[in-house]
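Colleague: Any chance you could fold what I've pasted below:
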Amino acid sequence: MLIFLILVGCLQKSDKAELKGLSPEEILNNPEYLAICYGGYRATTREIQPTINQIKEDLLLLEAIGVKILRTHDVHTSLAENTLKAITELKKERVDFEMYMMLGAWIDCKDAWTSNPNHNEESERNLKEINKAVSLANRYPEIVKIMGIGNEAMVKWATSYYVFPKTILKWVNHVQELKKDGELPKNLWVTSSDNFASWGGGDGIYHTEDLKKLVKAVDYISIHTYPMHDTHYNPIFWKFSSDYQELSKESKIDTLMNKSIEYAKSQYMGVKKYLEQLGIKKQIHIGETGWATQSSGFYGVNGSRATDEYKQKIYYDLIREWTKEENISCFFFEAFDEQWKDSGSIDGEENNFGLFTLDGKAKYCLWEYVDNDVFKGLGRNGIAVRKSFNGNKKSLMDKVLVP
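Modeller: Below you'll find the model as predicted:
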């Protein structure tokens, strides 16, 4: 009888361990666990939320391309919670379904998004956001492995809402204390997902005592790098060599995209160098990077000519290759096009960062997956996945502009 009880106890412990899944370190340092940013909003407003069944459609498409870690940005709406419910349902329906989450908690300043934001004080709503994120992390410990406190919340170009590092530090310390007190899972990793400069990898104006304390307080560093945006704001990195004009159209673009990936690497290394100066060893992963496929603004035909599906594929392939080699987790931005971000212009770049279009077409980046039937039986809104441009590369390339 005693042996039987011991065996039962061991099985119960094993079941609990299985429920907890992998640790944050195991998923972030695993090149086979692709990470991606997920929004899933399909309408021109976030007031219209995707249903759990629609989210399940999306998750199965992402699973098909190897994604196992999602990043959400806030708990303002029901999207993050419904995504957790969708994952839970899929895990019950299929024993082999595996998906984890970096759960975002939005942080901003007092009077954010007004004509007079107060960056020295924080929004009263931040407490509500943190409490909701803590609640979800406790309800779904087998899925929520990382909590990201703030999204580009410290970078000074976020003039409508940014806060100083002391605010992020306050909430990171709060969550770390909850872990110590047993009020959150101890293996939950806590970070803030922000621009590389905010993590000390750029202008020395960010090198403050509070940032040093924050670097020590987080479990790892989550940086954002966007070479695409800098084709407008810092176009010098696309400077041509003397033999550039002799190249073919595709070779010209390939050359410039290779410069883009080196630019992203330099921003990553800037943060790494800052940590070395502080004498602090922390893992650094990429919380956001991406490449839009269309722009009616700074990056389109009348701007830097950076955006199209051909360049997105090159950037995607290069960033995945580099981060896999270095065991860096990279949350590519983003899974699906969304149209609420720039509801006034469907062609605005913020609406067009997805690997899939709004109606579920696979952009050029994913054409090979369509060829290999990995989306068989899957789709969006009940419509099977098909290639953008009807799979005609010539039609695609006709839209591609040389910078």
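Colleague: any idea how far stretch 152-169 is from the chain center?
Modeller: Averaging C-alpha positions (C-alpha atoms, centre = their mean, to the nearest Å) puts stretch 152-169 18 Å from its chain's average.
Colleague: Now it: buried residues?
Modeller: Buried residues in stretch 152-169, counted by 16 or more other C-beta atoms under 10 Å: 152-155, 158, 161-169. Any C-beta I mention is one placed from the backbone N, CA and C, and that applies to glycine too.
Colleague: now swap in stretch 281-298 and tell me
Modeller: Neighbour-count burial for stretch 281-298, counted by 16+ other C-beta under 10 Å, picks out 282-298.
Colleague: CA atoms only for that stretch, dumped as PDB, please.
Modeller: Output of stretch 281-298 as PDB, limited to C-alpha atoms (Å, rounded to 0.1, in the frame of the first residue of the first chain):
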ATOM      1  CA  LYS A 281      25.600  39.700 -17.300                       C
ATOM      2  CA  LYS A 282      22.100  39.300 -18.600                       C
ATOM      3  CA  GLN A 283      20.600  37.600 -21.600                       C
ATOM      4  CA  ILE A 284      19.500  39.900 -24.400                       C
ATOM      5  CA  HIS A 285      16.700  38.900 -26.700                       C
ATOM      6  CA  ILE A 286      14.800  40.800 -29.400                       C
ATOM      7  CA  GLY A 287      11.300  41.800 -28.300                       C
ATOM      8  CA  GLU A 288      10.400  43.400 -31.600                       C
ATOM      9  CA  THR A 289      11.700  43.800 -35.100                       C
ATOM     10  CA  GLY A 290      10.000  43.700 -38.400                       C
ATOM     11  CA  TRP A 291       9.600  45.000 -41.900                       C
ATOM     12  CA  ALA A 292       6.400  46.500 -43.400                       C
ATOM     13  CA  THR A 293       5.300  45.500 -46.900                       C
ATOM     14  CA  GLN A 294       3.400  48.700 -47.800                       C
ATOM     15  CA  SER A 295       3.500  52.400 -46.900                       C
ATOM     16  CA  SER A 296       1.600  55.500 -48.000                       C
ATOM     17  CA  GLY A 297       4.100  57.600 -46.000                       C
ATOM     18  CA  PHE A 298       7.800  57.900 -45.200                       C
END
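Colleague: all numbers from here: first residue = 52
Modeller: With the count now opening at 52, the last piece we talked about shows up as stretch 332-349.
Colleague: what's the spacing between it and its chain's center?
Modeller: Distance, centroid of stretch 332-349 to centroid of chain: 8 Å (C-alpha atoms, centre = their mean).
Colleague: mind listing the strands for the stretch 152-301 of the chain?
Modeller: Ranges of strands within the stretch 152-301 of the chain are 160-161, 169-173, 195-202, 240-246, 272-275, based on DSSP state E, counting those that start in this stretch.
Colleague: Contacts only, for Ile335.
Modeller: Tyr271, Ile272, Ile274, Tyr319, Val322, Lys323, Leu326, Ile379 (C-beta atoms under 8 Å, 6 or more residues apart in numbering).
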